[in-house]
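**Student:** I would like to see how this sequence folds:
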Amino acid sequence: MSGHRILVVEDTALVRRVLCDFLRQQGYEVAEAATAADAVPMQQAFGPDCIVSDYSLPDGDALGLLPRFKENAPEVPIIILTGHGSIDLAVRAIKLGAEQFLTKPVELAVLGVLVERAIANVRGRKHEQAEASRENRKSIDPFLGRSAAIRRLAQEASRVAGSESPVLIRGETGTGKGVLAAWLHRHGPRASESLVDLNCAGLSRELLESELFGHERGSFTGAVASKPGLLEIAHRGTVFLDEIGDMDPAIQPRLLKVLEEKRFHRVGDVRERRVDIRLIAATHRDLAALGREGAFRSDLYFRISTLPLMVPSLRERPEDIPELARNLLHKTSAEMGRSELTLADDAVAALQAYPWPGNIRELRNVLERASLYSDSNQLRRQDLRFEPVSAIQAEGADTGDGSLEDAERRHIERALRTAHGRMEVAARALKISKSALYAKVKRLGLRAEA
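**Tutor:** Numbering: from 1, shown residues only. As a prediction, this is how the structure comes out:
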């Protein structure tokens, strides 16, 4: 129970104080509001796990507040208190999303049970969703293969998964650092909570700061509404920061404060917020060398590298390539709705001979492209096209081929037009993270809504 947040909305000062004191005694962190006008901004700022609201307020009622509460956080349960209850009113409140409807005077013991049950129900639903997600993603195995390098990684990851300490995953682009981060979260102590990820590469300081910490309305041009950052969204869960070596140096001390003190401020806000997260970071860069050059804070490096893991490149485990390729082909066959695809011996030999600068990501794309172009259910050496795919997929690589970049630009432009410039919608359509789409938009010189 301890650590959960309750927002109490009640205009009568004495009643509000009694409710708040009782809930604090139960171990909750409590915020309060006396009017409807104050309640919604307080919800946005405080991020409660449950809301207890009086029905009648000086500037409105709970029926008007419920849709606004639900718009901000659909999953948060709301308990309505009223001095003049009726069946019709209760039915209307429940239809609008209220969890419970209590008639005053409220027995505090009953309220305590209902609050505890409401929060437990939400946590239960989250746990079910996490279980469903685990089942859906169980085929994504970061340790597929029999090489000594991947077996060593599996043993090390199993040892650190149950820890609350930060984990730093190192490895080349495309080796599956994000897949490993998801595995660590699913097998860690916060598996039933959220996993929130952000790719730091290519993000400006302002955008990264806003995405990570959130911002208040009017804090900068275009900030038309308050927005919680990923740290708040991930409260009690896990934050995965990919390519943390590209994080702007001005943001690094703020992240260090979060890790050490569990405190931060939104952009444009003086109010200090508390957050409890586990950090998993990943990078393809040498952070120790960046620290010596002054490009990455040494104190942050030491803090996030408590538990280091190194993901081997495909060049270091060529014996795993046949199994990886067959696993990827199995998924591709299912997604394309065609018969099971197999690999001829000459195709396997070619896959093992190729150096894979883009690692598993490049392997997946080579196989997907071959599957699209081949009319046969058995892929041969001549079906495999290496260079065009590696040129596009290897992050940070200079393609040297305008047609490939043009194709990527047209693909992203088409997704943005279809989404009417909305980055979140376009990112979902492209099956990449919003931060990765921002990085591509910036690199290609495109324009879109923030």
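**Student:** All the strands of the stretch 151-300 of the chain, in order from the start?
**Tutor:** 167-170, 195-199, 214-215, 227-228, 238-242, 263-265, 272-274, 278-283 (DSSP state E, counting those that start in this stretch).
**Student:** worst average pLDDT in these?
**Tutor:** Mean pLDDT per stretch puts strand 227-228 lowest among the strands of the stretch 151-300 of the chain, at a mean of 82.
**Student:** Pairing partners for that strand, with directions?
**Tutor:** When pairing is defined by DSSP bridges, strand 227-228 lines up against strand 214-215 (antiparallel).
**Student:** List of residues touching the strand it pairs with?
**Tutor:** Residues from elsewhere that reach strand 214-215 (Cβ atoms under 8 Å, 6 or more residues apart in numbering): E209, A223, S226, K227, P228, G229, L231, E232, R266, V267, G268, D269. In this view, the C-beta of every residue, glycine as well, is placed from N, C-alpha and C.
**Student:** before we move on, the earlier item: so for K434, which of the strands of the stretch 151-300 of the chain sits nearest?
**Tutor:** Counting by Cβ to Cβ, K434 lies closest to strand 195-199 out of the strands of the stretch 151-300 of the chain; the figure is 8.6 Å.
**Student:** Sketch out the low-pLDDT regions of the chain for me.
**Tutor:** Scanning the chain for pLDDT under 70 picks out 1-3, 85-86, 125-140, 222, 387-408, 431, 447-450.
**Student:** Which of the three states applies to the residue of it positioned farthest from its centre?
**Tutor:** Here the centre of the chain is the reference, and by Cα atoms, centre = their mean the most remote residue is H84, at 42.9 Å. Using DSSP: H, G, I helix; E, B strand; the rest coil, the structure places H84 in coil.
**Student:** wait, what's in contact with it?
**Tutor:** With contact set as Cβ under 8 Å, 6+ apart, H84 has these partners: Y55.
**Student:** from now on call the first residue 6
**Tutor:** Noted, 6 is the first residue going forward, which turns the last one into H89.
**Student:** do you know how far it is from A98?
**Tutor:** To A98, H89 is 13 Å away according to Cβ to Cβ, to the nearest Å.
**Student:** State the helix or strand in which the residue nearest to P317 when sequence neighbours are not counted lies.
**Tutor:** In space, and not counting its chain neighbours, P317 is closest to A154: 3.9 Å by Cβ to Cβ, 6 or more residues apart in numbering. Under the criterion of DSSP states H and E, A154 resides in helix 153-165.
**Student:** From S303, how far off is R297?
**Tutor:** In terms of Cβ to Cβ, R297 sits 8 Å off from S303.
**Student:** coming back round to it: can you pick the most crowded of the contacts of strand 219-220?
**Tutor:** L236 (25 neighbours; other Cβ atoms under 10 Å).
**Student:** ok, now which ones touch it?
**Tutor:** L236 neighbours (Cβ under 8 Å, 6+ apart): L217, F218, G219, V244, V263, F269, V280, I282.
**Student:** Now neighbour count too, for those residues, in CSV please.
**Tutor:** Below are the contacts of L236 laid out as CSV (neighbours: other Cβ atoms under 10 Å):
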residue, neighbour count
L217, 24
F218, 24
G219, 26
V244, 27
V263, 19
F269, 20
V280, 18
I282, 24
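**Student:** This completes my enquiry, with thanks.
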